[in-house]
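J.: Just a sequence and a predicted model for now, questions to come.
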Amino acid sequence: MRMERSLPTRDLTARIDRKEHIGADGDRLVVLDGLELRLAPGTFTCLIGPSGCGKTTTLRILMGLDDEFDGELDPALREARIATVFQEPRLLPWRTVAQNVLLALPRPDLPRVEAALASVGLEGMADRYPAQLSLGQARRVALARAFATEPEVLFLDEPFVSLDEASAGRLRDLLIALWQRRPMKVLMVTHNLREAVRLADRIVFLTERPARVAGVAEVELPRDGRDPEAVSRFAAELARRFPGLAVA
Ligand SMILES: Nc1ncnc2c1ncn2[C@@H]1O[C@H](COP(=O)(O)OP(=O)(O)OP(=O)(O)O)[C@@H](O)[C@H]1O
């Protein structure tokens, strides 16, 4: 029998004192300035803020993809097993669905791949190639791949944009169901305040660029009470509390 790896029980912290990008004209663009984040065990956090304020830049630093910044990441974050889900499903086109999931695992484990695909409703699709999938199906594979690695921290960057509302809604339900089975720390970037309210325990609002944390809201709605009306009401309240930083 396969043993599940246990999840760490302490917070992870990150402090980004300053992050600059160099623009095409060679000018320095200060993107992040004094941004501090804390990821708590078993907590689903959404990061939201105005367009271009630095959300993806923040995520890339936390993922370890960009280390050119002033500040400090929790050493435990560098050592943690992390999984990432991007806007683009990022599947290798010349590999089958099953091979794409298999490649993410530390060792070959076909039963785990099959279980992961079944968990996202893709039984029977293991031998298809990415070009034979709809965008929604490809995103399911990306979720299956991320969860199959049993990460300690899961980062998502707008994983449901460009889908119709019904498909996005089904994928949100799926994401929450997968996460509730094994609630790791999650940090998800989204533009969509209603999506954040639907999914998150906690929403971190960023200021305009250069971004820092404008405020943190706990989503105090019970998970089984997040129907569209309750979500809209809560989102409207937050939009009033953080004017200009998110639209309900
Ligand atoms: N590699 C780069 N080189 C130069 N400038 C960059 C680079 N990456 C991002 N930028 C700029 O930094 C700023 C922040 O970009 P970032 O993608 O982090 O914002 P965002 O909040 O995720 O944006 P959006 O809301 O549009 O998704 C933007 O002005 C962007 O043009």
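T.: Received the coordinates, thanks. Quick caveat: nothing in here was measured; it's all calculated off a predicted structure.
J.: how far does the helix or strand of the chain with the lowest mean pLDDT sit from the chain's center?
T.: Ranked by mean pLDDT, DSSP states H and E, the helix or strand of the chain with the weakest confidence is helix 75-79, at a mean of 91. In terms of CA atoms, centre = their mean, to the nearest Å, the centre of helix 75-79 is set 18 Å apart from its chain centre.
J.: and if you look at stretch 135-155?
T.: Put simply, stretch 135-155 sits 10 Å off its chain's centre (CA atoms, centre = their mean).
J.: what's the answer for stretch 204-219, then?
T.: With CA atoms, centre = their mean, you get 16 Å for stretch 204-219.
J.: now stretch 151-164
T.: 4 Å.
J.: residues in contact with it?
T.: 7-8, 12, 39, 55-56, 59, 62-63, 77, 80-87, 135-136, 139, 142-143, 146-147, 168, 171-172, 175, 179, 184-191, 195 (CB atoms under 8 Å, 6 or more residues apart in numbering). Every residue, glycine included, has its C-beta placed from N, CA and C.
J.: filter the residues you listed down to the ones close to the ligand.
T.: Lys55, Thr56 (CB under 6 Å from any ligand atom).
J.: Sitting in helices, which of the contacts of stretch 151-164 do you find?
T.: Members of these lying in helices (criterion: DSSP state H): 55-56, 59, 62-63, 77, 135-136, 139, 142-143, 146-147, 168, 171-172, 175, 179, 195.
J.: Around the ligand, which positions in the chain sit nearby?
T.: 21-23, 29, 31, 49, 51-57.
J.: Is Arg15 bridged to anything, and to what?
T.: In this entry, Arg15 is beta-bridged to Glu36, Glu72, by DSSP bridges.
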